[in-house]
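Engineer: build me a model from this:
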Amino acid sequence: QEHLVESGGGLVHPGGSLTLSCLVSGLSFRAYTMRWLRQAPGKERELVALINPEGTYREHADFAKDRFSIYRDYDENRVYLRMNSLKPEDTAMYYCNARHNRDDFWGQGTQVTVSS
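Structural biologist: A predicted model of the protein is given here:
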């Protein structure tokens, strides 16, 4: 059974930092492209960042460049999203996604709220 479990969300002040974590089990972690997406109330889900199976290619959305960083740990089967200089508009539910060919698995999400 495939499981993706996000953690690390919470309430943070503007300018603060958070690191999200996604623990992956039940699938071959090294075969999957891992993605972080987010969805704010009333908005569509959008891609934040992705990393290829080998960890050699990363892509970040324009709003995430220079502030967010995706990386993965093969020993722990985890993918992380380090978020710095957080803004109120970063408030959203953040989701972890694993994708390989036709396989597409999702976590339940972790809430990030940026507010003073």
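
Engineer: excluding chain neighbours, what is closest to Cys96?
Structural biologist: Nearest residue to Cys96 in three dimensions, chain neighbours excluded: Cys22, at 3.4 Å (Cβ to Cβ, 6 or more residues apart in numbering). Any C-beta I mention is one placed from the backbone N, CA and C, and that applies to glycine too.

Engineer: how long is stretch 75-90 from one end to the other?
Structural biologist: Separation of the first and last residues of stretch 75-90 by Cα to Cα, to the nearest Å is 29 Å.

Engineer: do stretch 106-116 as well
Structural biologist: With Cα to Cα, one end of stretch 106-116 sits 30 Å from the other.

Engineer: how close does the residue nearest the centre of the chain get to Ser116?
Structural biologist: The structure's the chain has its C-alpha centroid closest to Trp36; by Cα atoms, centre = their mean the separation is 3.0 Å. Separation of Trp36 from Ser116 (Cβ to Cβ, to the nearest Å) stands at 24 Å.

Engineer: any idea how many residues pack against the closest residue to Gly26 other than its chain neighbours?
Structural biologist: Once flanking residues are discounted, Gly26 sits nearest to Glu2: 4.1 Å by Cβ to Cβ, 6+ apart. Counted with other Cβ atoms under 10 Å, the neighbours of Glu2 add up to 12.
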